[in-house]
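*Asks:* 3D, please:
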Amino acid sequence: MKMHNNQYKLVNNHGNVLFIVLIAVALLAALSYAVTSSNSGGNIDRERSEIQAAEIIQFTNIIARTVDRIHMINRCDYTEISFENPTVSGYVNPNAPADKSCHIFDPNGGELTWKKPPIGVNDNSDYEFTSRAHIPKLGKSCSSSGETDCSELTLLLFNLTLDACNGLNLGFSYNFSLPPENNGTITSEKFTGSYSMNDTISAGGVLDGKITGCFREQGGARRYIFYYVLAVR
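*Replies:* Numbers count the residues shown, from 1 in each chain. Alright, predicted model coming up:
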């Protein structure tokens, strides 16, 4: 009878231990679920930013290849290229041939269709094509503002979110913990056929020689800005 009581206590103790273990497992499972749930929003946001960055990169690559194609095949001078389109005004280039063979967004030229950036990457600003930016160690060097030979034909995208800017840099394998800061502000001026260097994109040398990247202005509104050099003259 005494042995039976000991056996009962042993079984009872094992039952208590098993019960505690089950509770611990349940708590760990609940904690794991809570952590996963709290992080899932960030993961989704990061994945969305990477997908949107890939879409932007794909579109800018297509634009760059089209500029190169009509320059080589249609014999378009870089002053003749036109970004005139039926969606965004201000791109009429008086130097462009009348047959529109140098129009990026026309069936007779580049045959492309105007496209807006992905929703949510910025304040809904459109892509902008300009000829006022100079990137050191890329193309001809500049000694002062206003020079016409050292600015490049460049695509800009203003007012990006931090996530979008980081996603774009990641897409080009730039391992910046944060987007680099560029001295001063960047001019918003649509390309209509002429070139003049107003802005330098360098970010303290980090972006020197780089055909593309995303940075933050040190001055003005401190915007996050993506740039892509479409043609190095």
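*Asks:* So Pro97 sits against Ile81, correct?
*Replies:* No: assessed by C-beta atoms under 8 Å, Pro97 is found out of contact with Ile81, at 10.4 Å. For glycine as for every other residue, the C-beta is placed from the backbone atoms N, C-alpha and C.
*Asks:* More neighbours: which of those two?
*Replies:* Comparing Pro97 with Ile81 by neighbour count (other C-beta atoms under 10 Å), the higher total belongs to Ile81, at 27 against 17.
*Asks:* which residues does that one contact?
*Replies:* Ile81 makes contact with Val67, Ile70, His71, Asn93, Ala96, Cys102, Ile104, Leu153, Phe191, Ala231, according to C-beta atoms under 8 Å, 6 or more residues apart in numbering.
*Asks:* What separation is there between the third one and Tyr127?
*Replies:* His71 sits 19 Å away from Tyr127 when distances are taken as C-beta to C-beta, to the nearest Å.
*Asks:* before we move on, what SS does the most centrally placed residue in the chain have?
*Replies:* Most central residue of the chain, judged by C-alpha distance to the mean C-alpha position with C-alpha atoms, centre = their mean, is Leu168 at 3.3 Å. Of the three states, Leu168 takes helix according to DSSP: H, G, I helix; E, B strand; the rest coil.
*Asks:* who's in contact with it?
*Replies:* So Leu168 contacts Ala53, Ile56, Ile57, Leu160, Gly213, Cys214, Phe226 (C-beta under 8 Å, 6+ apart).
*Asks:* Quick check: phi and psi at Glu55.
*Replies:* As for Glu55, its main-chain torsions (degrees, to the nearest 10) stand at phi -70, psi -40.
*Asks:* What are the neighbouring residues in contact with it?
*Replies:* Contacts of Glu55 by C-beta under 8 Å, 6+ apart are Pro118.
*Asks:* in terms of contact, does Ser131 touch Asp199 like I think?
*Replies:* No: counting by C-beta under 8 Å, Ser131 sits too far from Asp199 to count as a contact (10.7 Å).
*Asks:* Which of the helices and strands in the protein ranks last by mean pLDDT?
*Replies:* None of the helices or strands of the chain scores lower by mean pLDDT, DSSP states H and E than helix 2-72, at a mean of 63.
*Asks:* That one: what's the following helix or strand?
*Replies:* strand 128-134 (DSSP states H and E).
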